Every structure is written in C-alpha cells, then in structure tokens.
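Q: Output the structure for:
(chains A and B)
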Amino acid sequence: MNENVSLADSPSQPPDMGHKSLQVEQFSYDNKSVQLFAFATIFWSVIGMLAGLLAAVELYYPGANLNLPATTFGRVRPVHTNAVIFAFVGNGIFMGVYYSLQRLCKARMFSDKLSRIHFWGWQTIIVVGAVSLLAGYTSGKEYAELEWPVDIAITFIWVIFGINIFGTILKRRESHLYVAIWFYIATWVTVAMLHIVNSFERPFSWFKSYSWYAGVQDALVQWWYGHNAVAFFLTTPYLGLMYYFLPKAANRPVYSYRLSIIHFWSLIFIYIWAGPHHLLYTALPDWAQSLGVVFSVMLIAPSWGGMLNGLFTLRGAWDKVREDPILKFMVVAVTCYGMATLEGPMLSLKSVNAISHFTDWTIAHVHIGALGWNGFLTFGVLYWILPRIYNTPLYSKKLAGTHFWFGTIGIVLYAVPLYWAGFTQSMMWKSFTEEGQLKYQFLETVTQIIPLYITRSIGGTLYLSGVLIMVYNLYKTVKAGHLVKDEATSAYPLPKAITTHGKEHWHRWIERRPVQMLVLSLVAVAIGGILEMVPTFLIKSNIPTIAAVKPYTPLELQGRDIYIREGCYNCHSQMIRPFRDEVARYGDYSKAGEFVYDHPFQWGSKRTGPDLAREGGKYPDSWHYNHMMDPRIMSPGSIMPNYPWLLSNEIDTASTAAKIRAMQSLGVPYRSGYDALANTDLQTQARGIREQLAKDKIKTAPNAEILAVIAYLQRLGTDIKSVKP
Amino acid sequence: MKFINYLEKITGVDIYAMSAFGIFFTIFIVMAIWAFKADRQLLTKINSLPLDNQ
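A: This is a model prediction of the structure:
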C-alpha cells in the first residue's frame, strides 16, 4: 500500500525458484513503527515495574498508599500486571513483529496508516485501562480486568494488527513462511479467540458490566483465558522473536528446523488444554482438573524442545556469549523459559499444587517468566534493534553488561525470597499442634514472611535500576544516531507459479499458505477449549445446585461490587479446598453449587490475607467496621491497607435497579419487577446493620458503603452452613 | 442467552480426555514423521531465512 516499488534489474540475489526473467524490486522497510513500539516498550517497562515496586512495598508498608483509594494494593496490582503484560510485553511483541515480519517477508508492512492506528490505539487503550483500573473500574477477573468499552477497543485494535500482519504476509516476496511467522499467526488468532470468549459480559452502565458466566463456569473460562494469555501473549510471540533474533544476534541459523516444526504444533495443541491446573482441588469437576494436569505435564516436551533449540543454536558460539551483552540477555532469557516451563508442569501436579497454590511460590514462578524470559529477551531485542534502525553502534556495551548483572542479581533476589516465603507460609498453614489444633493464626504466617517481602522489593529495585541504566544507554545511542525511517532494500517478487522440485510435502503446502495456517491454528486451539468447556456448561451433574443457595440481596450485591472495585480478590480467596487445615481454619470446603449466582466468580489465586468463603457470621458487624477503618485495630501487625473512604462514600443506589435487571438477564432468579423494589429492601437491610453498629456505639451515615460491604461479608458462605453434608 | 444444563449427568466423561489425547498424539506422530522425512536442503534453506539480509 505505502510501498514505492520501482523495478530494476540489479543482479543481487538469484531469484527463488529459477525464474530468471523476474526483475528485482526496490522498496523500503518501515522502521518508524518499529521505533515507536520500541520507545513505548521502554516507557511502559519503567511504568509497569514502578507499579510493581509500589505494590511490593505496600505488602510490608501498607501506608505507602497514602490512604488513597487509587494507590491501594488492590488497584495497583492489576495496573502492574496489565502494564507489564499488555503494555511492556505487548509493545515488545509489536516492536519485534514489525521489525522481523517485514524482513522475513521481504516486504514493507501492509499499511503505514494501519501501523499508526495500531500504535496509537494500543497506547490509548493502555492509558484508559490504567486510569480506569486506578479509579476502581474492573471486571474482577485476573489479567482481564479491563471493562467492556476497553474490551471492545482491544478487539478493534487487535483486528487492525491482524489486517496489517496478514496484509504483509500476503504481499510477501519470500515464498516460505519462516517458523517465527507461524508463531505470530498462532498468537494473533488465539489471543483473539481468548479475549472474545472471556470478555462476554453484560453491561449495566457505561463502564461497568457483569461477567456472562457464573461461578465454576466463569472460573473455567477465566483460567482457560488466564493460562493461555501466558501461553499466547507471553510465550508464543516471544518464541517467534527468539527464532528470529537469536539467530540474528548469534549470526547462525537455528539449531534444528525440524525441532521447531514439532515444537510449534505440539505447543499450540497442548497449551490450550492446561488451564484447569489453576483450579486444582477447587469446586471444578474432577475430570476437568485431571485433564489440565495431564496436558500440563505433557507441556514439558515442546517447551523444552523450544528451549533446547534456542540454546543449541549457540553451539560453538559460546565465546561470543562471553563478550556480547545481547547474547547474554538472550541466553538467560531462554534458560529462564526452560526453568519456568519445567516448574509450571511440576506446580500442576496435585501434590505440589496443594503446597504451592495461594502462596508466593506462584508469584516467584511467574516472575522467573516475566523478569527472565520476557524481560531479558525484550532487553536483548531492544539493544539489537535500536542501534540498527538508528544506524549507529550501541552507546556503551559496558553499560549493557552492567544492566545484565543488575537484572540477573535482581531476578535472584526477587525470586529466592518468594520461593522461601511460599514454602514457609504453606508449611505454617498446614501445621497442627499435637492436640490437633491449628498451630498458627493466619496473621502469624504473614508476619513471618515480611522480611522476605522486603528482600523481594530490593530485588525488584535492582532489576528496575538495571532498566534505568538501559534507558540511559539507549537514549545516548539514539542521540548519537539518526533514524533510518525507510530502510531501502530490494528483492525479487514472488513468481506467479512456483515450481517445485520433487515430491511436495504437505507441510510445505501449509507453510506457504498463511490463511490455511491461521485456520488450522484456530482449529488446534479451539478443539481444546470446546472439549474442556462444553461438558462443564451443559451437564447438570457438574454443577450440582443447592436449594439453600439464594441470590444476593440488593445491599449484598452493592457490597460485592465494592469488594470487586477495591480488588479484594487480589489478596483474599473465596475457595476452601478439601484439606484438613483449610477446613479447620475456614470451615466446610467449597461446593460448585455455592457460586451459581457469582457473576464474576471471586475465587482468587493468592492468599495474602485469609480465605473469605465462609467469612459470614464469624465476627460482629462492628469488627468489620473497625477492621475496614484500620485493620491494625482488630489485627495488630496486619498488612491490609485502611479503607477509610468506605465509611464516608455513599452507596450508588441509582445503579441498583440496573444491576438487578442485568443479573435477571443472566439468569439470576430475582422475581419479575424486583428492580423497582430493590432499593427499598436495600434500605431496610442497611438500617438493620446500622442498628447493630449503633449497639457498639458506632454511628454511620444511612447509605455508607461500609454497610454494603459488611452485608456482603456477613453473607459469604452462610447459605450452606445450615446444610448437612 | 442463559447457560442451561441440558443434560442431567454425563457418563463416560473419560471420552473427552481420551479424544484430547488421541488428537494430540495423532498430530504429534504425523508431524514427527514428516519432520524426519523432510528434505534436508529445503529445511536448511528455510532455516537461513533470518540471516538473509537481502
């Protein structure tokens, strides 16, 4: 589209298939888009890591939020995860794809205009997403927190990206699609599928919605999404980048192309099934859990196939690794990929998961991937690309080496304390006295690991310091050079009819046909999703209903929405697993039928605080009031932030009717016309809680949000308490 | 649209796991056979595409 092609007969490279009559075409690569995405990657890496550092500090110094709602852990943590995944790694993907795809296809990007729309659209989404999360607009589903208007914008921009890459692939001058491009295609199609399926939601206002799914079904869809977001946003595109940039940096082809083919198809086939390993021992049907475990263990093979392919590429070139910081970054990145993808399947084993789940072990595992694999590969690619598009050498190799060591030590200082913390806490949770009582209060298991939280934040600071060194180094590099916006090059066009030599292999047929590749990739990933989800959705025995479980009252529903707004699920689970210690600590284990009205589910994935599935009735209303005002009044040593605004904010009663109607449309059995009466019931229940608080000499405003929160917390898990097993 | 449980219970749920494994295993074997039978020259050529700076 934006390509000025002129024909010349310069005798450079002989044409591909013996078409001697073809003439070389002069064209240029678009480096401006690469530059923009590179700058965005650098910018968001700093922002995303700063948010992470703030969240890490808040875990041992909750006052770091300055008592402001927007800077509270529950809101900052989603900003950190979204910023790192979709802003830092997202822009890193686009930078790498826009650079490598043009060169592998020997064609300029399909449309400069689409490239710009893609770039500015994605940055707008990030900014709107961050502001909305800080303001408390969240869907309450991890890594998919952004609300429905942003979800629609993401879909739109993702389609633009798709048109741009497929347009480029279709007008390419190289007949073969190198393996990196397969990974890009699989990434694009799978992320589209995951995002759309997981984002089905029912809006009830301009910026709020309820998940279409409830309880167990919502959990299955969410973790099918969550796990595959790791697979197809943090892994497959980065494997594509590895397959392009590692050979470039090492100046040698990939070790085994055969292995890359097997690696690709096995990986996309297996990954999609593994989501249920996030839900082991939960109320998810057992067969789905087992399926997740089996496929998670099988994942070791393709993951290690990819890792070994990367490392073996450096066979005989290890002397270069000693001197070249780019290769150093890449080697550690690939090694971390191997470590994380061995550890992941291990964590999927039920016996290991019983210990690791809900602890900091998971956080350590994730950060080996994020800091090591994604971070280091991105840094390697940035150091490789920017000097090239600016046509100047890197300002300082030495500084890049310093960055490498800051980063490496930072990863170790980050991860080791968290592994330690996870293991310590889990062992303490599960300890009993000789008399058969729980040995430790939950709070004791938190205060025990605070020194490890402090060490972790030092590791994070070191890693971020390394990034700041990189920012300086790349700034100086860019200042010294001049951007080659349009990099002139030439290539022979694709002949109309491609002659083949000898027997045509079927895979060769596919890898020349990107659209068929897209369809087959979609089939491969869709089969996994469908076979896993359909039975959970359609078979009644998978979600046994419990007659005692009733929909939330309007006040509880408002309270639940405040619970979601404040991101309480980031620290509190609502899922008691059938273990002796959990039942002793929290109450009867959770049943699938208890969550049928939970749009969205709030099972959580981490217990920085205790589980709340059966919180109802454990403490008086006044306890919750004081605890929300300042948790340390009721639990000295607690690391939970204060929520003083809940005492003064008023419940948004104007939204009650719309919320009830939305729930009705999702199948929650409120009686017809209840939306008009809901606020009356809300006021009555609120009055009751105020009277209870008044008995303990606590005065509250008639519509204070704290009343709704107390109503919700006092409801949790109470439906089933009266039911005999 | 509401999600309704159309069937009371599921029998032989293992067929889902078996079919999952069957599909994967078939694809894996086919891919492996192809990869080992593929033309070495062709693979070498594709493999060197990133290093082609033309």
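
Q: which element is residue A:122 on?
A: Following DSSP states H and E, one finds residue A:122 within helix A:112-134.

Q: Can you check the distance spanned by stretch A:650-660, start to finish?
A: 19 Å (Cα to Cα, to the nearest Å).

Q: before we move on, back to that, C-terminal to the helix holding residue A:122, what's the next element?
A: Following helix A:112-134 in sequence order, the next helix or strand is helix A:148-170 (DSSP H and E).

Q: Give me the residues contacting the helix holding residue A:122.
A: A:1-2, A:30, A:32-33, A:36-37, A:40, A:44, A:70-71, A:75-76, A:78-79, A:82-83, A:86-87, A:90-91, A:94, A:98, A:109, A:138, A:145-147, A:150, A:153-154, A:156-157, A:160-161, A:163-164, A:167, A:207 (Cβ atoms under 8 Å, 6 or more residues apart in numbering or on different chains). For the C-beta atoms, the positions are set from N, CA and C on the backbone; glycine is no exception.

Q: Name only those of these that count as buried.
A: Among the contacts of helix A:112-134, those classed as buried by neighbour count (16 or more other Cβ atoms under 10 Å in any protein chain shown) are A:30, A:32-33, A:36-37, A:40, A:44, A:71, A:75-76, A:78-79, A:82-83, A:86-87, A:90-91, A:94, A:98, A:109, A:138, A:145-147, A:150, A:153-154, A:157, A:160-161, A:164, A:167.

Q: can you pull out the helices in chain B?
A: B:14-37, B:40-47 (DSSP state H).

Q: want to try JSON lines for those, with mean pLDDT, mean neighbour count and distance to chain A as columns?
A: Shown next, in JSON lines, are the helices of chain B (pLDDT from 0 to 100; neighbours: other Cβ atoms under 10 Å in any protein chain shown; distance: least, Cβ to the nearest Cβ, whole Å):
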{"stretch": "helix B:14-37", "mean pLDDT": "79", "mean neighbour count": "14", "distance to chain A": "4"}
{"stretch": "helix B:40-47", "mean pLDDT": "86", "mean neighbour count": "15", "distance to chain A": "4"}
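
Q: related to what we said a few turns ago, just the contacts of helix A:112-134 that are near chain B?
A: Near chain B, judged by Cβ under 8 Å from any Cβ of the partner chain, there are no entries from those.

Q: longest helix anywhere in chain A?
A: Per DSSP H, chain A has its longest helix at helix A:397-429.

Q: now the helix or strand just after that helix: mean pLDDT?
A: Going down the chain from helix A:397-429, the next helix or strand is helix A:442-447, by DSSP H and E. Averaged over helix A:442-447, pLDDT sits at 97.

Q: Equivalent analysis for stretch A:417-429, please.
A: pLDDT averaged over stretch A:417-429 gives 97.

Q: for stretch A:23-36, how far is the first residue from the last?
A: 33 Å.

Q: Run a quick neighbour tally on residue A:665.
A: Neighbouring residues of residue A:665 were enumerated by other Cβ atoms under 10 Å in any protein chain shown; the total is 14.

Q: How about the one 5 residues further on?
A: By the criterion of other Cβ under 10 Å, residue A:670 has 19 neighbours.

Q: doesn't residue A:657 make contact with it?
A: No. Under the criterion of Cβ atoms under 8 Å, residue A:670 makes no contact with residue A:657, lying 10.8 Å away.

Q: about what we covered before: residue A:568: which of the helices of chain B is closest?
A: Ranking the helices of chain B by proximity to residue A:568 (Cβ to Cβ) places helix B:14-37 first, at 34.6 Å.

Q: middle-most residue in chain A, spatially?
A: residue A:143 (4.3 Å; Cα atoms, centre = their mean).
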